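Enquirer: Fold the stuff below for me.
(2 chains)
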2 protein chains.
Amino acid sequence: MLKLYGYWRSSAAFRVRIACHYKGLPFEYIAVNLTKEGGEQHLPGYTILNPNRLVPTLVDGDMILNQSLAIIEYLDEAYPDKPLLPACPLDRAKVRALALNLVCDCQPLNNLRVMKYLGNELKQGKAQKEAWFRHWHRLALAGLEAQLEGTARRFCFGDQPTLADVCLVPQCYQAERVGLSLEEFPRIQRIVSRCRELEAFNLAAPERQPDAIVSN
Amino acid sequence: MLKLYGYWRSSAAFRVRIACHYKGLPFEYIAVNLTKEGGEQHLPGYTILNPNRLVPTLVDGDMILNQSLAIIEYLDEAYPDKPLLPACPLDRAKVRALALNLVCDCQPLNNLRVMKYLGNELKQGKAQKEAWFRHWHRLALAGLEAQLEGTARRFCFGDQPTLADVCLVPQCYQAERVGLSLEEFPRIQRIVSRCRELEAFNLAAPERQPDAIVSN
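Expert: Here you go, the predicted model:
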């Protein structure tokens, strides 16, 4: 069985969970507690699997793979049922570009280690950190909203979920955490609502994971 | 003919130039001056091509595509000679992961707009900005150096250049700009030296572009 090392709130791990559930691939979920004192991602047992000390990591038999996009493209090639990328190279390129807008130009700027560096090394307070988080999310979502005019129908690209939707929903989860309303981005808002009606996206949601810390 | 909108010092544009030269694809290079007052990436003539206001953008006939990795994968599929990704899904996944370590977890943290935000909004000085730049480069290159133990021979993956090398050389160009020595990363240093012996990598180098500003 596939083994997925993740963290409930990590957008990158969330993406891979959606892909696995959508494609009907059973997996064992192994929580790596990024917020524990010291961080479990820095333990030797994990760094040997992932020298970048980030989640997710996928283990499929002998293969150990990091980077959520590389993992999802691998799953899509190795387990071709319910594809997440279109068959035509041109369409595939468009879907990849939509996804990379979030995966490159938004998420890396806002993950836990960056927010920590802003606080610890650059002595930024809560307000500045939240403004940073909102700034990069707003820019990325605004760019995506404009691109979706040319590609979206029911989902980001056409009428079926693709890699782009798999990346969009976790990013919007993060945006909403800092009070950014999706109402600014009506196409995105509609698509995310549709995705959230699907079981795969629900099963993958952070608060549904065994390592979730949900405050009442 | 392909049209490539880029900027001489952009790592992302540099990657696409390497890919085009390596695959022998002629292209028209259109410079977008990111550092000019106001920034040419914000002009309506450009934002209609690229709503994210970043470089590069590729135009191939009717197709307009952003995101360097989506562009390179498209070129590799549409023009299969001299492939930049291996044929086997497992190998392809490994190459993608190596590339994404840089493309996601390093470059987006250090591009021009982020360095500007650090200076303008967070009032960080030159020393803090350079420390930031070095910090994320060192982390990413250290992670990659460890992963290369399992994949590298003459190049990042085996004996031929791949997408991973196409991303590595521009990132090392950036690292060296802030005085980070590649001697810390001996595998990376050897591979970059080999790449720099190849014409494709040389023709694509920032200082060789028509919009380069080279100080003596």
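
Enquirer: List the residues that contact the closest residue to residue A:42 other than its chain neighbours.
Expert: Excluding its sequence neighbours, the residue lying closest to residue A:42 (C-beta to C-beta, 6 or more residues apart in numbering or on different chains) is residue A:53, at 5.7 Å. Yep, even glycine has a C-beta here, placed from its N, CA and C like the rest. Listed by C-beta atoms under 8 Å, 6 or more residues apart in numbering or on different chains, the contact set of residue A:53 reads A:39, A:41, A:42, A:46, A:47, B:143.

Enquirer: Return the subset of these lying in strands.
Expert: Secondary structure defined by DSSP state E assigns none of these to strands.

Enquirer: of these, buried ones?
Expert: Among the contacts of residue A:53, those scoring as buried are A:39, A:41, A:46, B:143 (criterion: 16 or more other C-beta atoms under 10 Å in any protein chain shown).

Enquirer: What ranges does chain A have for its strands?
Expert: All strands of chain A, identified by DSSP E, fall at A:2-6, A:27-31, A:57-60, A:63-66.

Enquirer: Okay, domains of chain A per the record?
Expert: By the assignment in automatic domain parsing, chain A contains the domains A:2-82, A:89-201.

Enquirer: Make CSV from those domains and add distance to residue B:137 and mean pLDDT to it.
Expert: CSV is the format used below for these (distance: least, C-beta to C-beta, whole Å; pLDDT from 0 to 100):
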stretch, distance to residue B:137, mean pLDDT
domain A:2-82, 13, 95
domain A:89-201, 13, 97
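
Enquirer: can you redo these as a markdown table with distance to residue B:136?
Expert: Output for the domains of chain A, formatted as a markdown table (distance: least, C-beta to C-beta, whole Å):
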| stretch | distance to residue B:136 |
| --- | --- |
| domain A:2-82 | 12 |
| domain A:89-201 | 8 |
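
Enquirer: For residue A:211, list the residues it contacts.
Expert: Per C-beta under 8 Å, 6+ apart, neighbours of residue A:211: A:7, A:8, A:31, A:33.

Enquirer: Looking at chain A, which helix is longest?
Expert: In terms of residue count, the longest helix belonging to chain A (DSSP state H) is helix A:126-151.

Enquirer: before we move on, back to that, with respect to chain B, which of the strands of chain A lies nearest?
Expert: Evaluated with C-beta to the nearest C-beta, these place strand A:63-66 nearest to chain B, the distance being 5.3 Å.

Enquirer: Count the residues that sit near residue A:68.
Expert: 32 (other C-beta atoms under 10 Å in any protein chain shown).

Enquirer: if I look at it, how far off is residue B:176?
Expert: Here residue A:68 is placed at a distance of 29 Å from residue B:176 (C-beta to C-beta, to the nearest Å).

Enquirer: circling back: nearest to residue B:132, out of the strands of chain A?
Expert: Checking the strands of chain A against residue B:132 by C-beta to C-beta gives strand A:63-66 as the closest, at 23.4 Å.

Enquirer: Do that closest one and chain B come into contact?
Expert: Yes. Legend: contact between strand A:63-66 and chain B by C-beta under 8 Å from any C-beta of the partner chain is shown at A:63, A:65, A:66.

Enquirer: can you pull the contacts of residue A:127?
Expert: Here residue A:127 is in contact with no residue (C-beta under 8 Å, 6+ apart).

Enquirer: correction: residue A:152
Expert: Residue A:152 neighbours (C-beta under 8 Å, 6+ apart): A:158, A:187, A:191.

Enquirer: same deal with residue A:98?
Expert: A:144, A:147, A:148, A:151, A:156, A:157, A:163, A:164, A:167, A:168.

Enquirer: Quick check: the gap between the closest residue to the fifth one other than its chain neighbours and residue A:143.
Expert: By the measure of C-beta to C-beta, 6+ apart, the closest residue to residue A:156 outside its immediate chain neighbours is residue A:164, 3.7 Å from it. Distance check for residue A:164 against residue A:143: by C-beta to C-beta, it reads 13 Å.

Enquirer: can you check residue A:101 too?
Expert: To residue A:143, residue A:101 is 6 Å away according to C-beta to C-beta.

Enquirer: between the two, what contacts are shared?
Expert: Joint contacts of residue A:101 and residue A:143 (C-beta under 8 Å, 6+ apart) are residue B:52.

Enquirer: and residue A:23, how many neighbours?
Expert: So residue A:23, with other C-beta under 10 Å, has 18 neighbours.

Enquirer: One more: residue A:104?
Expert: Other residues close to residue A:104 by other C-beta under 10 Å number 26.

Enquirer: okay if I get the contacts of residue A:53 as TSV plus distance to residue B:94?
Expert: Shown next, in TSV, are the contacts of residue A:53 (distance: C-beta to C-beta, whole Å):
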residue	distance to residue B:94
A:39	25
A:41	21
A:42	23
A:46	19
A:47	18
B:143	14
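
Enquirer: from these, which is closest to residue B:210?
Expert: The closest of these, once distances to residue B:210 are taken by C-beta to C-beta, is residue B:143, at 34.8 Å.

Enquirer: Find the nearest non-adjacent residue to that closest one, please.
Expert: Nearest non-adjacent residue to residue B:143, counting by C-beta to C-beta, 6+ apart: residue A:52, 3.7 Å away.
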